[in-house]
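Peer 1: here is a sequence with its predicted model. Questions after.
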Amino acid sequence: MARVTGTPSGAPGRVSTAAAVGREDTRLVVIRGNSASGKSSVAQGLRDHYGRGVAIVGQDVIRRNVLREHDTARGANIALLGRIAREALDAGFHVVLEGILYADRYGHMITSLVRDHRGASHCYYLDVPLEATLVRHATKADASYLAHVTDSHLASWFRELDLLPGALETVIPADSTLRNTIARILLETGLASASPTPQPQDKPSQGDSMSKLVLMSDPRVAAIPVRECGEPLVDVRDRGFRVDPRKHDPLGAFAHVREGVLVRLEHARSLLPAGTDLLFIEGYRPLALQQRYFTEYRDQLAVAHPDWTAEELHQNASRYVSPPEIAPHSAGAAVDVTLVDQDGHELDLGTRVNASPEESHGRCFTHATNISDRARHHRTLLLDAMESAGFTNYGTEFWHFSAADRYDALMRQEPHARYGPIELP
């Protein structure tokens, strides 16, 4: 049974006023499964789609990070998870409760929560076999974790179809992709059509079609004033990032970003799933180099399209290379990044980084439809992590993100940018 309202049986149920939680319009979503089944990724995907208004209550966060206790039948985290979920529902949040949540230990807390919830409740079990669990575990990037948590540990923790009583759960098979699982739950819970926190209607959308993309050449970008904050450029190589040498220059300018941008990068890195890491390709770009890149690409377009006007050449060149006068790279505010596995091998994101629209047949656009499901999954991981850390993506380049520059300020409707053109000391 996927949907439960009021009681596990689906009947209205008689819940005392003191025990009842939430509202008729709040949703409770419970996501359970063995280690490495994708529970936290699904939970994050639900909130990424919906936006503000979804509270993620994670077992690992409470048990391991907050309480640092072992998972036992009398663990303090059990009641605390239930209490947090109840408080969030009462505050009007939709709640996603996720974790291994063994049925014999957490079942009473979950079924009581479902019973007492005034709104609709939906429970899911992600059924990933042990063999797949071991494969996923081996891709984790944390070497110390892998040293302490072995395949034997995972095998001893593994429980096959550890379902809650009363046929509460919908079992989602292992062959369901992350994207499909999120889409299914959004549809079945009603979160796909629910109304999230209203957004300004005139805010440019990064998910719009190409015809609605805001290009760097847009006059609104140049019109954003800069109130330079004076943050210095810092070298990301001093903070343990994987740095690709393809854009290396004699001064190492490419590996520098503003101090605040580095903080955001570290945050984004922490949001990626185990076994996946950022590959830093380029940050700061001197104005002279930016001018050269822009001129060279504009000249290539002029040869290919001799009938284009100067304005058309400028606009189309800016799809791929920012005009020097407003370039986020020259402000130390932009980064070009992609994803790699734990061995440093680049993941498939649809096309190579820095591929032009002509070379990639448009696959360089962030929301291109002519890429594989695997590439889309990886691209979504990157986009989610970077945007959650406060970056804005440039929709013609899946790898390009910036923060606190003119483009970011326009997209966020900020009155001014904090970073303007800067020179490397």
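Peer 2: Alright, I've got the coordinates.
Peer 1: tell me the domain boundaries of the protein?
Peer 2: Annotated domains of the chain cover 4-189, 210-411 [automatic domain parsing].
Peer 1: which one of those domains has the lowest average pLDDT?
Peer 2: Ranked by mean pLDDT, those bottom out at domain 4-189, with a mean of 84.
Peer 1: that older thread, columns distance to A417 and mean neighbour count on top of the domains of the chain, output as JSON lines?
Peer 2: Glycine gets a C-beta too; all of them are placed from N, C-alpha and C. Listed next are the domains of the chain as JSON lines, based on distance: least, CB to CB, whole Å; neighbours: other CB atoms under 10 Å:
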{"stretch": "domain 4-189", "distance to A417": "24", "mean neighbour count": "17"}
{"stretch": "domain 210-411", "distance to A417": "4", "mean neighbour count": "18"}
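Peer 1: tell me the contacts of Q44?
Peer 2: When contacts are counted by CB atoms under 8 Å, 6 or more residues apart in numbering, Q44 touches 56, 384.
Peer 1: ok, and the closest non-adjacent residue to E346?
Peer 2: Closest residue in space to E346, ignoring its immediate chain neighbours: V340 at 5.4 Å, by CB to CB, 6 or more residues apart in numbering.
Peer 1: oops, could you answer that again for P425 instead?
Peer 2: Distances taken as CB to CB, 6+ apart place L233 nearest to P425, at 7.4 Å, with adjacent residues excluded.
Peer 1: ranges for the strands of the stretch 201-350 of the chain?
Peer 2: Taking DSSP state E, counting those that start in this stretch as the criterion, the stretch 201-350 of the chain contains strands spanning 233-235, 242-243, 256-258, 276-282, 334-341.
Peer 1: let me know which of these is the nearest to R374.
Peer 2: strand 334-341 (11.7 Å; CB to CB).
Peer 1: helices or strands up against that closest one?
Peer 2: Judged by 3 or more CB pairs under 8 Å, 6 or more residues apart in numbering; DSSP states H and E, the packing partners of strand 334-341 are helix 259-271, strand 276-282, helix 373-388, strand 400-402.
Peer 1: chain center to that strand: distance?
Peer 2: 13 Å (CA atoms, centre = their mean, to the nearest Å).
Peer 1: can you pull out the residues in contact with the helix or strand that comes right after it?
Peer 2: Next helix or strand after strand 334-341 toward the C-terminus (DSSP states H and E): helix 357-360. Contact partners of helix 357-360, identified using CB under 8 Å, 6+ apart, comprise 304, 319-320, 350-352, 364-365, 396.
Peer 1: just the C-alphas of the host helix or strand of H122, formatted as CSV.
Peer 2: Element membership for H122 (DSSP H and E) is strand 120-127. Listed next in CSV are the C-alpha coordinates belonging to strand 120-127 (Å, rounded to 0.1, in the frame of the first residue of the first chain):
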residue,chain,number,x,y,z
ALA,A,120,-1.4,11.6,3.8
SER,A,121,1.5,9.2,4.7
HIS,A,122,3.5,7.2,2.2
CYS,A,123,6.1,4.5,3.0
TYR,A,124,8.7,3.1,0.6
TYR,A,125,11.3,0.4,0.9
LEU,A,126,14.3,0.5,-1.5
ASP,A,127,15.0,-3.1,-2.3
